[in-house]
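Visitor: Fold the following and give me the result.
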Amino acid sequence: MAFALIAQTACATPSNTRKLVEAEFAPLTEPSLPKEKRYQSILIGIVTPFEIQIIPLGTLRDGGAVPSATTIFEIGSVTKGLVGLSLARESLDRGLNLAQTYGALKLPSYRNREITWRNLAQHTSGLPRLPDNMKPDNPLQPYVNYDLSKLTIFLRNFSPQVEPGTHSVYSNLGAGLAGYGLEQLHKKPLEQVLQESFLDKLGMGDTRVHLDSDQQSRFAPVFLNGETSEAWQWKQESVLQGGAAFRSTVQDMMVLLKTMMGLKDQDSLPMVELATRTDFSSGPNSQIGLFWHRLKAENIVWHNGGTYGSTSFIGYDPDRLVGIVALSNTMIINENGVDPRIDEASIAAIQKIASNLGMERPIQVLKDYDRELEQRAGEFNKIPADPKSKKWSQLKLAHMYDIDQYMRNLFMGISERGFTEAESSFFQQGYGRRFYMMDWQNTQDLKALIRQHGWFKVSEWGAEADQQAWLLVQHADNEPDFQKEVLGRLSKLYSSRETNPKNYAYLFDRVASSFKDPSKRKPQRYGSQGSCVGPGKWEPLPIEDVANVDVRRAEVGLPPLQEYIDGFQKICR
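Guide: From the prediction side, this is the model:
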């Protein structure tokens with residue numbers, strides 16, 4: 001039986017969330033402020049495991065309507081975060097090596113050290129914030145007419161002054177190049193690349209560069225220092241779209257936030273984990289992954305954005321599972337630069353909401369688990385990696401099996417923690433993200449071992465390795481094609497006892513039952529897969545030729561079906 005996590009929503013209702021948020025943001029839209037210091041409107045989206053809330057402040061224009069969930073705003077540099085997610089998807093699904101030299105254009109090098117994809121995504125390329133030949137006729141439209149020919153001229157004449165990968169200097173140019181590189185890989189516009197990468201899958205239909213007539217009718221007017229401004233324009237040939245071109249709604253951004261927090265679409269978690277793996281220190285309290293930043297002390301993953309008429313922020317605490325989106329149709333620039341108040345209000349609100357939830361007990365338990373997993377991984381990693389080595393591969397299998405069993409046994413003990421209903425629900429959400437990623441990583445690692453060694457035949461590797469590898473496959477429900485591939489291997493081995501015949505039977509039923517996609521289910525052969533249908537009652541899923549099921553079970557060493565069913569009744573409560 002595989003472990004199946006079912007996320008539950010608790011009945012918690014943090015009644016003062018709105019007050020906490022308004023206390024941070026309302027002063028920014030206060031009508032009594034001088035117009036050059038006032039945000040015309042701010043639309044805030046809050047996401048926790050217990051609630052989703054949208055809070056509008058101000059009006060889209062003086063005397064106008066308040067912004068709504070479907071109002072479309074420019075999101076500026078939050079576009080970079082979208083590009084970072086797409087780069088992660090490209091790496092996972094198409095094998096893009098982020099450490100390899102960027103090849104979409106010839107980039108300048110420093111002492112023969114070439115710029116990589118990761119250098120662009122971590123702002124460590126040595127490229128400037130903007131090319132010095134960006135001289136727009138209209139200063140409010142810096143990007144619209146900047147095309148490939150101008151970019152090529154700049155790159156040909158620019159000489160980096162630092163080695164790539166050593167210094168972090170924020171670069172809209174680098175992000176634009178990353179977006180352009182994705183276009184060249186797919187031979188499609190960036191907007192379409194991101195749609196196909198994850199936007200359409202998540203249902204983010206209003207996150208676009210170019211708006212249709214309906215979307216244009218919902219697009220917010222923009223203001224710069226209190227005066228009417230111009231939304232940035234983008235042509236298909238505007239080559240730096242990856243830096244700031246997208247527009248979106250708070251509704252779409254909250255979908256993205258839920259996905260990144262692991263509260264929606266767990267299949268996207270590997271993409272999110274790779275994009276937000278912050279492994280370069282970009283400041284005393286700041287790290288960066290694939291364009292996504294992390295405040296170390298506050299433990300907040302975030303990105304912000306701004307145009308000459310809008311301000312945006314998206315961020316979340318991955319441990320406390322609190323996130324905020326803030327979109328405004330105003331940009332304020334003062335003598336000190338871009339006004340930071342929306343960023344500051346967002347970060348403060350995340351922290352206050354997290355404190356208000358009062359989930360410190362399950363958070364501490366999850367952190368204890370994290371430390372234990374890190375310790376076990378650290379001990380294993382002391383062994384020099386050698387995938388070609390049989391001994392190392394046996395140790396790797398044992399380590400993966402150890403982690404698998406540790407995580408599954410942890411959840412079985414949740415009832416002994418004395419959690420409230422809300423704490424239990426919160427724990428399940430945080431645990432679910434860790435559990436999914438553990439299974440996913442084990443599956444990737446097992447694939448690599450099988451590619452290197454084939455199946456772990458009992459005569460060559462021993463019964464323990466065969467058993468460990470089978471269990472990891474049995475738990476790879478998110479990759480049914482891999483399970484089918486392994487089943488094909490075991491079908492040639494079980495009769496000669498080079499794999500445990502019982503395990504072959506379990507995996508046959510697992511594949512037939514198709515836990516990933518119930519619409520593809522077929523009758524199982526041995527009756528090993530089923531579920532609780534009531535207190536003290538477990539039933540197998542449909543079985544082919546049920547009259548002879550015990551004959552087939554005996555052939556692979558399984559007890560009679562009724563005896564098997566009786567053994568499960570105690571787990572059904």
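Visitor: in the longest helix along the chain, what counts as buried?
Guide: Scanning the chain for the helix with the most residues, using DSSP state H, yields helix 421-453. Across helix 421-453, burial judged by 16 or more other CB atoms under 10 Å covers 422-440, 442-443, 445-447, 449-450, 453. C-beta here means a position set from N, CA and C on the backbone, and glycine is covered the same way.
Visitor: From the contact counts, what lies against it?
Guide: The helices and strands touching helix 421-453, judged by 3 or more CB pairs under 8 Å, 6 or more residues apart in numbering; DSSP states H and E, are helix 269-275, helix 360-381, helix 390-412, helix 463-474, helix 480-490.
Visitor: try 10 Å this time
Guide: Applying 3 or more CB pairs under 10 Å, 6 or more residues apart in numbering; DSSP states H and E, one finds that helix 421-453 contacts helix 269-275, helix 341-357, helix 360-381, helix 390-412, helix 463-474, helix 480-490.
Visitor: Would you mark the buried spots in the helix or strand just after the first one?
Guide: Read that as helix 269-275. Counting by DSSP states H and E, the next helix or strand C-terminal to helix 269-275 is strand 280-283. Neighbour counts over strand 280-283 (16+ other CB under 10 Å) mark 280, 282 as buried.
Visitor: and what of stretch 341-353?
Guide: Result for stretch 341-353 [16+ other CB under 10 Å]: buried residues 341-343, 345-353.
Visitor: ditto for stretch 113-124
Guide: Neighbour-count burial for stretch 113-124, with 16+ other CB under 10 Å as criterion, is recorded at 113, 115-124.
Visitor: next one: stretch 460-480
Guide: So stretch 460-480, judged by 16+ other CB under 10 Å, has buried residues 461, 465-480.
Visitor: average pLDDT for stretch 346-360?
Guide: For stretch 346-360, mean pLDDT rounds to 96.
Visitor: Return the alpha-carbon coordinates of that stretch using CSV.
Guide: Listed next in CSV are the C-alpha coordinates belonging to stretch 346-360 (Å, rounded to 0.1, in the frame of the first residue of the first chain):
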residue,chain,number,x,y,z
SER,A,346,4.2,43.2,2.4
ILE,A,347,7.1,41.7,4.4
ALA,A,348,5.7,43.1,7.7
ALA,A,349,2.3,41.7,6.9
ILE,A,350,3.6,38.2,6.1
GLN,A,351,5.4,38.1,9.4
LYS,A,352,2.4,39.4,11.4
ILE,A,353,-0.1,37.0,9.8
ALA,A,354,2.3,34.1,10.4
SER,A,355,2.5,35.1,14.1
ASN,A,356,-1.2,35.5,14.3
LEU,A,357,-1.8,31.9,13.0
GLY,A,358,-0.1,30.4,16.0
MET,A,359,1.2,27.3,14.3
GLU,A,360,4.6,27.2,16.1
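Visitor: From the chain's centre, how far out is that stretch? Work that out for me.
Guide: From the chain centre to the centre of stretch 346-360 is a distance of 21 Å (CA atoms, centre = their mean, to the nearest Å).
Visitor: repeat for stretch 115-126
Guide: 21 Å.
Visitor: what do you get for stretch 229-245?
Guide: Relative to its chain's centre, stretch 229-245 lies at 26 Å (CA atoms, centre = their mean).
Visitor: Repeat that for stretch 226-242.
Guide: Here the centre of mass of C-alpha atoms in stretch 226-242, compared against the chain's by CA atoms, centre = their mean, lies 28 Å away.
Visitor: and that stretch, which residues are buried?
Guide: Of the residues in stretch 226-242, 226, 229, 231-232, 234, 238-242 count as buried by neighbour count, 16+ other CB under 10 Å.
Visitor: What of stretch 508-523?
Guide: Those would be 508-515, for stretch 508-523 by 16+ other CB under 10 Å.
Visitor: So for that stretch, mean pLDDT?
Guide: 86.
Visitor: mind exporting it as CSV, just the C-alpha atoms?
Guide: Output in CSV follows, covering the C-alpha atoms of stretch 508-523 (Å, rounded to 0.1, in the frame of the first residue of the first chain):
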residue,chain,number,x,y,z
PHE,A,508,1.4,-5.2,-11.7
ASP,A,509,-1.6,-4.3,-9.7
ARG,A,510,-0.2,-0.8,-9.0
VAL,A,511,0.2,-0.1,-12.7
ALA,A,512,-3.2,-1.5,-13.5
SER,A,513,-4.9,0.5,-10.8
SER,A,514,-3.2,3.7,-12.1
PHE,A,515,-3.3,5.8,-8.9
LYS,A,516,-2.1,8.8,-10.8
ASP,A,517,-5.0,8.8,-13.3
PRO,A,518,-8.0,6.8,-12.2
SER,A,519,-9.6,7.2,-15.6
LYS,A,520,-6.9,4.8,-17.0
ARG,A,521,-7.5,2.1,-14.4
LYS,A,522,-7.8,-1.5,-15.5
PRO,A,523,-8.8,-4.5,-13.4
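Visitor: Which strands or helices does the strand or helix carrying residue 532 pack on?
Guide: Secondary structure from DSSP H and E places residue 532 in strand 530-534. The elements that strand 530-534 packs onto, with contact taken as 3+ CB pairs under 10 Å, 6+ apart, are helix 501-513, strand 537-540, helix 561-568.
Visitor: at 6 Å instead, please
Guide: Identification of packing neighbours for strand 530-534 by 3 or more CB pairs under 6 Å, 6 or more residues apart in numbering; DSSP states H and E yields strand 537-540.
Visitor: Now the strand it packs on - C-alpha only, PDB.
Guide: C-alpha atoms of strand 537-540 as PDB (Å, rounded to 0.1, in the frame of the first residue of the first chain):
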ATOM      1  CA  LYS A 537     -13.800  -2.400   6.100                       C
ATOM      2  CA  TRP A 538     -11.100  -2.500   3.300                       C
ATOM      3  CA  GLU A 539     -12.000  -3.500  -0.200                       C
ATOM      4  CA  PRO A 540      -9.800  -4.300  -3.200                       C
END
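Visitor: Return the distance of that strand from the chain's centre.
Guide: Worked out by CA atoms, centre = their mean, strand 537-540 lies 36 Å from the chain centre.
Visitor: what does stretch 39-46 give?
Guide: 24 Å.
Visitor: do the same with stretch 232-248
Guide: 23 Å.
Visitor: what does that stretch rub up against?
Guide: Applying CB atoms under 6 Å, 6 or more residues apart in numbering, the contact partners of stretch 232-248 are 72, 74-77, 79, 83, 141, 143-144, 146-148, 151, 172, 175-176, 178-180, 190, 207, 209, 307.
Visitor: go again using 7 Å as the cut-off
Guide: Residues outside stretch 232-248 that contact it (CB atoms under 7 Å, 6 or more residues apart in numbering) are 72-77, 79-80, 82-83, 141, 143-144, 146-148, 151, 172-173, 175-176, 178-180, 189-190, 206-209, 211, 219, 305, 307.
Visitor: Can you flag the buried ones in these?
Guide: Those of the contacts of stretch 232-248 that meet the buried threshold are 72-77, 79-80, 82-83, 141, 143-144, 146, 151, 172-173, 175-176, 178-180, 189-190, 206-209, 219, 305, 307, by 16+ other CB under 10 Å.
Visitor: Strands - which of these land there?
Guide: 72-74, 305, 307 (DSSP state E).
Visitor: And these, which is closest to residue 136?
Guide: Checking those against residue 136 with CB to CB, the nearest one is residue 307 at 13.5 Å.
Visitor: In contact with that closest one, which residues?
Guide: 74, 76, 232, 244, 331.
Visitor: repeat for residue 508
Guide: 487, 525-526.
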